[in-house]
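Undergrad: turn this into a structure:
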Amino acid sequence: SVVSLAFAGVANASVQQGDTELDFLGGFLTANGDTGVGDTTSFFLSAALGYFFTDNIQGQVAALGMWTEFDAPSGGTDVDIDVYGLGIRGRYHFMPTNQWVPYVGLQLFWANVDVDIQGGADGDIDGIMWGPVLGLRYELNANSDLYIEYQYHLWELDAPSGFQGDILDDGHALLVGLIHQFK
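TA: Numbering: from 1, shown residues only. All right, here's what the predicted structure looks like:
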């Protein structure tokens, strides 16, 4: 019985070396603008395939897409911004044998940003998006986790000709997603 108790924590570990995971998140935002400001609609998806090199250290390859429309009020200029990215993430998980597992990490994405301004300049920009991540995952069952994650985005993009200033500079994201583990 002592031996079975010793292995009980490992058998029920939320994350452990050798685990392969698929995580997915998506979201939709719509906001109505006030006087002089247009309405905004945004949809995003992200998926990642991850592997645990140790009980604490995970590497991921990931893809993201974001489609945003700014609908200007009458007489204004509509703008569409589409973002596509491929990248990597590294995460360090604290307390990997607990049901609640906090983590920190870093991500680096190559991104393509397509800007379409109604009746104006269009642009196609390549660059990088990078920044830290901070999250907490909760083990739902042996193969599924729910997670909440904060991401700080830093964009390194050159503005296309005809644009003044940065299209994207920095930003914050608070995300909720699901993870499926292949043990």
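Undergrad: what is the least confident helix or strand in this structure?
TA: For the chain, counting by mean pLDDT, DSSP states H and E, helix 2-11 ranks last in confidence among helices and strands (a mean of 41).
Undergrad: what's the first helix or strand after that one?
TA: Using DSSP states H and E, the helix or strand that follows helix 2-11 in sequence is strand 20-31.
Undergrad: so in that sheet, which strands flank that following strand, and in what orientation?
TA: Partner strands and pairing direction for strand 20-31 (DSSP bridges) are strand 39-52 (antiparallel), strand 170-182 (antiparallel).
Undergrad: so for it, what gets flagged as buried?
TA: E21, D23, L25 (16 or more other CB atoms under 10 Å). Any C-beta I mention is one placed from the backbone N, CA and C, and that applies to glycine too.
Undergrad: closest to D114 out of these?
TA: Distances from the buried residues of strand 20-31 to D114 were compared by CB to CB; the smallest belongs to L25, at 21.8 Å.
Undergrad: which non-adjacent residue is nearest the residue nearest to the spatial centre of the chain?
TA: Centrality entry for the chain: nearest residue to the mean C-alpha point is S46, 5.9 Å, by CA atoms, centre = their mean. Of all residues not flanking S46 in the chain, L64 sits nearest, at 4.3 Å (CB to CB, 6 or more residues apart in numbering).
Undergrad: lovely, talk soon.
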